[in-house]
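In: My questions are about this predicted structure, shown below with the sequence.
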Amino acid sequence: MKVLLLTELGALFFAYYWADNFDPASLQGARALLTGASAGVGEELAYHYACLGSHLVLTAHAEALLQKVVGNCRKVGSPNVFYIAADMASPEVPERVVQFALDKLGGLDYLVLNHLGVAPAGTRARSAQAARWLMQVNFLSYVQLTSLALPSLTESKGSLVVVSSLLGRVPRSFSSPYSAAKFASDSFFGSLRRELDVQDVNVAITMCVLGLWDRASAAEGVRGVTRAKAALGPKAALAVIRGGATRAPSVFYPWRFHLLCLLRAWLPRPRAWFIRQEFNVTAA
C-alpha cells in the first residue's frame, strides 16, 4: 500500500513539474511593476521580462544599482523601462510607486512583489522595533502595493506574483521575525485568492516559494550560521516568470521544497533533523 501511494505521489510530481504550457509571446507588450529589482532574483527577473519584450517599471531602494539594471534591460530588448528609487520601510512609499507605474505604463498586467528586508542573524529573540520594521517591509508594504494596484489588475485581468521564501512555510532558527512576516504574507495572499474567486475577479495570484539561498540579502543575514550555499538566481527567476505567465497558484524552487512543505506536518522529527543539517548548531 505504501509503495503504491509513493508511486502515485511520484507520478503527480512528475506531471506537475514537467507540464509546460508557458508561452513566452504572452509577455511581449505586458506591463509589469517589479519591486526589489536592483540585485539578486529581482535583477534576473527584470532581465527575463526585458528579453521577452515587456514594458517595465523597476523599483528598489538603491538608485545607482537600479540605473545599472535599467540600462541592461534596454540593451536586451525592453521597449520601455522606467525606475523609481523607493524604500518600502516608509509607509507612504507604496502609493507613490504604484501611481508612478500607472502614469508611465497606463495600467498594469503584472505586479511582481520581490523586495525584502532581513535583520542580522545571531539571536533567538528580536526587539519589537526590529520586528515592526520587518513587518512593514516584508508584509505591510506588500498589502499596500496590492491594494493600490488591484483595480488596474482587475481591469486587465492581470496577475499578482509574490516572491516569498521557504521560511514562509517552514520556520527555522534565527529567523523568527522574518518568518513571521513571510507566514503573514502567505496567509494574506492565500485568503485574497479565495476572496477574488468568490467575487469572480479574474486576477491570478502566484505564490513563489524560493529557498533562502536564492535571496542574496537573506543569505547574507545568516552568514556564518548556515552551511547552505547560494543557488543560481537566473534559474529561480525563470521559474518565477513561468509560474506568473501561466497563472500557476504556486511555484517551488528548487522543486524539492514542495515535498518538504507537504511533509512538515506529517514527519516533524525527520524535518527537524533536515533543518539542523543546514546550520552550524547542534540540538540541545
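Out: Ah, there it is.

In: Show me which positions of stretch 62-81 end up buried.
Out: 65-66, 69-70, 73, 78, 81 (16 or more other Cβ atoms under 10 Å). Using the backbone N, CA and C atoms, a C-beta is placed for each residue, glycine as well.

In: so which pair among those is furthest apart in space?
Out: Longest distance between any two of the buried residues of stretch 62-81 is 16.9 Å, between 65 and 78; criterion Cβ to Cβ.

In: rewinding a little: now flag whichever of the buried residues of stretch 62-81 is closest to residue 102.
Out: Distance to residue 102 across those (Cβ to Cβ) is lowest for residue 81, with 15.8 Å.

In: For the closest one, give me its contacts.
Out: With contact set as Cβ atoms under 8 Å, 6 or more residues apart in numbering, residue 81 has these partners: 46, 50, 55-58, 70, 73-74.

In: What backbone torsions are found at it?
Out: Taking degrees, to the nearest 10, you get phi -140, psi 130 for the backbone angles of residue 81.

In: Would you mind measuring from it to residue 98?
Out: Residue 81 sits at a distance of 17 Å from residue 98 (criterion: Cβ to Cβ, to the nearest Å).

In: Tell me the helices and strands packed up against the longest helix belonging to the chain.
Out: When the chain is parsed with DSSP state H, its longest helix is helix 176-198. Taking 3 or more Cβ pairs under 8 Å, 6 or more residues apart in numbering; DSSP states H and E as contact, the helices and strands that helix 176-198 lies on are helix 128-135, helix 141-156, strand 159-165, strand 204-210.

In: Where is pLDDT lowest across the buried residues of stretch 62-81?
Out: Across the buried residues of stretch 62-81, no position has a lower pLDDT than residue 78, which has 92.

In: Now it: closest residue in space that isn't a chain neighbour?
Out: Leaving out its chain neighbours, the residue that sits closest to residue 78 by Cβ to Cβ, 6 or more residues apart in numbering is residue 50, at 3.6 Å.

In: Mind checking what secondary structure residue 111 has?
Out: strand (DSSP: H, G, I helix; E, B strand; the rest coil).

In: how close does the closest residue to it other than its chain neighbours get to residue 161?
Out: Nearest in space to residue 111, with sequence neighbours left out and distances taken as Cβ to Cβ, 6+ apart, is residue 149 at 4.6 Å. Counting by Cβ to Cβ, the gap between residue 149 and residue 161 amounts to 12 Å.
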